[in-house]
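Enquirer: give the three-dimensional model of this entry:
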Amino acid sequence: MIEIAPGLAIPEGELRFTASRSGGPGGQNVNKVATRVTLIFDVGGSPSLSPDQKARVRERLATRISRDGVLRVVSQRHRTQAANRKAAVERFVELLRWALADEPTRVPTRPTRVAKERRVASKKLRGRLKQERARPVSPDE
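Expert: A predicted model of the protein is given here:
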């Protein structure tokens, strides 16, 4: 079981892993060994998440979820498959925690009297500058 939040854990059976050859450093090893790990999680088909949680994950991780409702997390930072698998799971947990976290409610505030006065003063100054830039009116007209 992978602990996401208190009261929410996802069984490892819901996660699929695929391995492929990784780019980056590693010498000849990089051409022979499949160390890059892709974690695949079906958000829509997960029995561990409630419908509200699924909707929230889909909304907040929309750029990372495919049209099929599948979340993919790739790790190729390390030189071993085991280390990349562990890193992918850690990143998956971070993403789900972030997606399921409650956003703090915004407390509406009002600008202070001094801030309002400063704003009006700057607007008047700007208006005066523009007024001075205008073509002078001759007394004949």
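
Enquirer: what's the burial count for the residue nearest to Val70 when sequence neighbours are not counted?
Expert: Among residues not flanking Val70 along the chain, Asp42 sits closest, at 5.4 Å (CB to CB, 6 or more residues apart in numbering). (Glycine included, C-beta is placed from N, CA and C.) Neighbours of Asp42 under the rule other CB atoms under 10 Å: 15.

Enquirer: ditto for the one 10 residues further on
Expert: Applying other CB under 10 Å, we find 9 other residues in the vicinity of Asp52.

Enquirer: helix, strand, or coil at it?
Expert: Secondary structure, DSSP: H, G, I helix; E, B strand; the rest coil: Asp52 is helix.

Enquirer: could you do Leu49 as well?
Expert: Of the three states, Leu49 takes coil according to three-state DSSP.

Enquirer: circling back: could I get the contacting residues of the residue nearest to Val70?
Expert: 14, 68-71 (CB atoms under 8 Å, 6 or more residues apart in numbering).

Enquirer: for Ile10, what are its contacts?
Expert: 1-2, 4, 41, 46, 48-49, 96.

Enquirer: what pLDDT does it get?
Expert: pLDDT for Ile10: 80.

Enquirer: try Val107
Expert: Reported pLDDT at Val107 in the predicted model: 91.

Enquirer: before we move on, what about Val120?
Expert: So Val120 comes in at 97 (pLDDT).
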